[in-house]
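# any chance you can model this:
(one chain, ligands or ions: 2)
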Amino acid sequence: MNIKKAEFVISNTDPEKCPPDGRPEYAFIGRSNVGKSSLINMLTGKKGLAMTSSTPGKTQLINHFLINDEWYLVDLPGYGYAQRGKKGREKIQGIIDAYLDEREELTCLFVLLDCRLEPQAIDLEFINRLGESGIPFVLIFTKIDKISQSKLNGNMEIYKVKLLETWEELPPIFYTSSEHKKGKEEVLDYIDTINQSLRE
Ligand code: GTP
Ligand code: MG
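Numbering: from 1, shown residues only. Ligands and ions are numbered 1, 2, ... in the order given. Sure thing, here's the model as predicted:
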């Protein structure tokens with residue numbers, strides 16, 4: 001799929017104020033600094049579309065980007081950023097929870113994980129919660145330019161074993177590098193397939 005048009009529409013903290021037009025949306029979630037905003041820029045081919053930063057905690061709102069006038073990419077704040085303090089973390093968690101619980105247009109959630117890290121409790125808890133609430137999701141391992149292929153393979157093996165302790169089968173998994181523009185086709189084709197099935 002080609003992205004011909006990508007435009008910022010609205011930022012807010014309240015799912016009720018998100019675009020009311022019913023178009024399907026695909027949201028990006030994960031720990032702060034995992035590369036959500038960078039991935040949106042890479043997928044759309046627009047560098048400054050979503051704001052990125054080398055310091056965690058950059059995205060603090062629900063951000064809607066309209067793609068090809070047909071569907072939305074949604075950039076969400078990261079969870080679990082310790083520096084923000086308890087109050088700040090709870091506020092961000094409240095925004096994320098409200099979005100996940102209330103937003104019917106959410107068609108698939110992309111859960112981003114840093115491919116360099118071993119499975120983290122905070123991510124596993126988040127993923128398990130998605131299962132409990134029945135939210136469709138896939139996993140994206142980010143920043144694959146930062147490790148070797150053999151290290152990546154090893155880390156993925158550990159991750160899969162960990163997931164299979166809880167899940168009967170694995171969700172779809174993608175591997176991306178926003179730096180090297182890797183994984184773009186795969187992720188966009190996946191979204192395209194879902195969009196097509198929604199039209200049928
Ligand atoms: P928050 O909005 O704070 O939750 O973070 P985020 O998940 O949106 O991360 P963001 O896209 O802002 O990226 C965080 C940092 O990681 C930035 O310095 C990016 O340049 C860097 N980064 C993101 N993706 C990649 C990648 O694929 N490869 C490399 N090498 N760096 C990346
Ligand atoms: Mg961000």
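
# SS state for residue 174?
The three-state assignment at residue 174 reads strand, by DSSP: H, G, I helix; E, B strand; the rest coil.

# if the nearest residue to it once chain neighbours are set aside is in a bridge, with which residues?
If the residues on either side of it in the chain are set aside, residue 174 comes closest to residue 140, at 4.6 Å by CB to CB, 6 or more residues apart in numbering. Quick note: C-beta positions are derived from backbone N, CA and C, even for glycine. Residues found in beta-bridge contact with residue 140 (criterion: DSSP bridges) are residue 112, residue 174.

# any idea how far residue 194 is from residue 140?
Note on residue 140: its distance to residue 194, by CB to CB, to the nearest Å, is 15 Å.

# just want to know which of the two has more residues nearby.
Taking residue 140 and residue 194 together and counting by other CB atoms under 10 Å, residue 140 has the greater number of neighbours (24 against 16).

# separation between that one and ligand 2?
According to CB to the ion, to the nearest Å, residue 140 and ligand 2 sit 14 Å apart.

# quick one: residues contacting that residue.
The contact partners of residue 140, taken as CB atoms under 8 Å, 6 or more residues apart in numbering, are 39, 110-113, 173-176, 183, 187.

# what of residue 114?
Each residue near residue 114 by CB under 8 Å, 6+ apart is listed here: 31, 34-35, 141-143.

# other residues contacting the helix or strand bottoming out on mean pLDDT in the chain?
For the chain, counting by mean pLDDT, DSSP states H and E, helix 85-102 ranks last in confidence among helices and strands (a mean of 91). Judged by CB under 8 Å, 6+ apart, the contacts made with helix 85-102 from elsewhere in the structure are 13-16, 18, 27, 29, 60-62, 74, 76-82, 84, 106, 109, 130, 133, 135.
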